[in-house]
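K.L.:
coords below, sequence missing:
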């Protein structure tokens, strides 16, 4: 899987146009401004409350609005930067010219999809305005005001998709103008009807058909018949399957949903696009009346969340920490600590990855940083490539197990499990994984002693001096986790404190500049946007699943089978192993939770315990070929010194160790639940 821009594989594509630069620039700066505003609000709240006993009455409310702003206002920039997650397994094997045509069809399909979503979002906002809905907060904000941000963001997203759709073929000015008119005139007419500016009535189904017809015609006018055929090839098969299954048994509908999901993902549509498109097909085909306004309502409910506001803060903290380049000193400290032990650099990489994970919250950032810092040293010292990059791959996965963890924030927000408890629950499993990784490394070297050399010994004075490299990480851990566990700060506030501390660290190390700050803010905006638009799409699809009673029926069916706990656990692990081979980790969490949460509740499993096990399954997906993101990251940062095959082979023994850890956590659940229970006692 790759996340390159849709036109990255097309060498004949025209250079970025003025419209491209304008839309991406506006979206980028709006996303950056929203992240910065959230940081300022959180820091003001913490300082005002702790130093002056002046807490605000609006920080929580406005932070939720800013999550919506980051998600939707930043979506266009994420689209044009290629940050939205999608599966490109078969696309990567196409010739450039053929891939360009396929990408054009995908872009037209996505444009149709978000013209529909944007239309219904405007309808939702207009209905809230007409009803005079007010926020529950003390300020009683009229809801249509922050909800309009979502509508503006959807407009920017459709503009970005239109730019991409029209970037795949050199067309004359007349053809481009004709295609633009065919696209946008129906869209403007539908918005005018929705807002009451045109005295016409049009059903939701007729509006969808109008947009579908105009998009198909525009693709023909601009890109020719092949693009239109490709567009139909993407959309028609799942649409026909949904229509044919309208009166079918629930099991067949579930099969259509799953097969449609994989078909669209492997066709190259972004994961967020797939979720929303399946929701639209389900609403159109399976409900007596297509309640498409749900698309706007669910998008708002999924993103207007104070809990989710922790995501941009922790991403910002991790990005600034990477910019400070303090990780090199931390790795050196670990290297000196293990001294002359054979394979000392491998053990040092595991320890350094654990420390970095404890402040970054991101496995991808952990893997990239350790790959850049430790990889060259291990290569220079003559380590076997498979051992070296297997260790780095496994160490990278610790980023979402050892708190803070973005995956835990997402799970806790959706499963209504306190995020602070999840963070505590991840400590012992994270340390256990580090010990198991070290044990496997020791066994590897016991079997193949030439896979790594012995190191040199260091004096106590050298070890003491080098240990200073760990101090910034220890201080950040104490600040972030200490403020969180002591109850002084919410997860979002703790992330903001960490980001502020990382900013100070950059300044102390002379690494702070305007460009560094802007790039870190941009990374926080893009990551938050592409994660939460998936959450919005999943929420839309969940409405369809709930309307069909799918999750409850699945739970009932599994209950009737009378499966034992170990067998059910094995089934779940197998499911995530298979998904992890093809689907990006956070997408996997968001896609499966609507089904998994009712299931674990029915069998009586602790949602806190399951959250940690789920994160472990996601970790395995990060290093499972062929889609394991960490594998690609390590290949990219190896400067050609390691290929994907060697990295994958080296990671496989660590996959087995992580499966062993899953069995251990199932057999001894107190490894997960003991520490949260201990801290919860008065």
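P.N.:
Yes, it's here. This is a predicted model, so every value here is computed, not measured.

K.L.:
residue closest to the middle of this structure?
P.N.:
residue 531 (3.6 Å; Cα atoms, centre = their mean).

K.L.:
quick one: secondary structure of residue 336?
P.N.:
helix (DSSP: H, G, I helix; E, B strand; the rest coil).

K.L.:
that one reaches residue 463, doesn't it?
P.N.:
Yes: with contact defined as Cβ atoms under 8 Å, residue 336 and residue 463 form a contacting pair (5.3 Å). Glycine gets a C-beta too; all of them are placed from N, C-alpha and C.

K.L.:
neighbour-wise, which of these two wins?
P.N.:
residue 336 (22 against 15; other Cβ atoms under 10 Å).

K.L.:
ignoring the adjacent residues along the chain, who's closest to the more buried one?
P.N.:
Spatially, and ignoring its direct neighbours in sequence, residue 336 is nearest to residue 466 (4.0 Å; Cβ to Cβ, 6 or more residues apart in numbering).

K.L.:
can you count the residues close to that neighbour?
P.N.:
When neighbours are counted by other Cβ under 10 Å, residue 466 comes out with 18.

K.L.:
and the gap between residue 416 and residue 273?
P.N.:
Here the criterion is Cβ to Cβ, to the nearest Å. By it, residue 416 lies 28 Å from residue 273.

K.L.:
neighbours around residue 468, how many?
P.N.:
By the criterion of other Cβ under 10 Å, residue 468 has 11 neighbours.

K.L.:
how close does it sit to residue 474?
P.N.:
Distance of residue 468 to residue 474, computed by Cβ to Cβ: 10 Å.

K.L.:
of residue 416 and residue 273, who's got more company?
P.N.:
residue 273 (25 against 9).

K.L.:
now the helix or strand harbouring the more buried one, how far from the chain's geometric center?
P.N.:
In this structure, residue 273 sits in helix 271-286 according to DSSP states H and E. In terms of Cα atoms, centre = their mean, to the nearest Å, the gap separating the centre of helix 271-286 from the centre of its chain is 19 Å.

K.L.:
do stretch 128-138 as well
P.N.:
Here stretch 128-138 is found 31 Å from its chain centre; the criterion is Cα atoms, centre = their mean.

K.L.:
same question for stretch 443-459.
P.N.:
37 Å.

K.L.:
buried set for it?
P.N.:
444-445, 451-452, 455, 458 (16 or more other Cβ atoms under 10 Å).

K.L.:
tell me the angle of the lowest-mean-pLDDT helix or strand in the chain relative to helix 271-286?
P.N.:
Among the helices and strands of the chain, helix 550-561 carries the lowest confidence by mean pLDDT, DSSP states H and E, at a mean of 75. Relative orientation of helix 550-561 versus helix 271-286 (axes from the mean of the first three to the mean of the last three Cα atoms, to 10 degrees): 90 degrees.

K.L.:
hang on, the earlier thing: the buried residues of stretch 443-459 in strands, which ones?
P.N.:
Counting by DSSP state E, the buried residues of stretch 443-459 place none of their members in strands.

K.L.:
can you list those residues in TSV and add distance to residue 427 and pLDDT?
P.N.:
Output for the buried residues of stretch 443-459, formatted as TSV (distance: Cβ to Cβ, whole Å; pLDDT from 0 to 100):
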residue	distance to residue 427	pLDDT
444	26	94
445	28	93
451	31	90
452	29	88
455	29	74
458	29	79
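
K.L.:
please parse the protein into its domains.
P.N.:
Per automatic domain parsing, the structural domains of the chain span 95-304, 315-512+548-680.

K.L.:
now those domains as TSV including distance to residue 36?
P.N.:
Output for those, formatted as TSV (distance: least, Cβ to Cβ, whole Å):
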stretch	distance to residue 36
domain 95-304	16
domain 315-512+548-680	9
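
K.L.:
averaging pLDDT over each of those, which comes out lowest?
P.N.:
Among these, domain 315-512+548-680 carries the lowest mean pLDDT, a mean of 85.

K.L.:
packing partners of the least confident helix or strand of the chain?
P.N.:
helix 250-267, helix 585-603 (3 or more Cβ pairs under 8 Å, 6 or more residues apart in numbering; DSSP states H and E).

K.L.:
check which residues of it are buried.
P.N.:
550-551, 553-555.

K.L.:
hey, which of the helices and strands packed on helix 550-561 is tucked in deepest?
P.N.:
Each of the helices and strands packed on helix 550-561 was scored by mean neighbour count; the highest is helix 585-603, a mean of 20, by mean count of other Cβ atoms under 10 Å.

K.L.:
that one - contacts with which helices or strands?
P.N.:
helix 271-286, helix 406-415, helix 514-547, helix 550-561, helix 565-580, helix 607-622.

K.L.:
how about TSV for those helices, with distance to residue 503 added?
P.N.:
Output for the helices and strands packed on helix 585-603, formatted as TSV (distance: least, Cβ to Cβ, whole Å):
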stretch	distance to residue 503
helix 271-286	30
helix 406-415	19
helix 514-547	7
helix 550-561	43
helix 565-580	35
helix 607-622	28
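
K.L.:
mind checking these for the one nearest to residue 396?
P.N.:
helix 607-622 (7.1 Å; Cβ to Cβ).

K.L.:
and the closest one with helix 406-415, angle?
P.N.:
Using the same axes, to 10 degrees: helix 607-622 against helix 406-415 is 140 degrees.

K.L.:
quick one on the thing from earlier: which of the buried residues of helix 550-561 sits closest to residue 90?
P.N.:
residue 550 (28.6 Å).

K.L.:
separation between the nearest residue to that closest one once chain neighbours are set aside and residue 24?
P.N.:
Spatial nearest neighbour of residue 550, excluding adjacent residues (Cβ to Cβ, 6+ apart): residue 254 at 5.8 Å. Counting by Cβ to Cβ, the gap from residue 254 to residue 24 is 39 Å.

K.L.:
show the contacting residues for the nearest residue to the residue nearest to the centre of the chain once chain neighbours are set aside.
P.N.:
Leaving out its chain neighbours, the residue that sits closest to residue 531 by Cβ to Cβ, 6+ apart is residue 586, at 5.7 Å. By Cβ atoms under 8 Å, 6 or more residues apart in numbering, the contact set of residue 586 is 85, 406-407, 410, 531, 534, 618.
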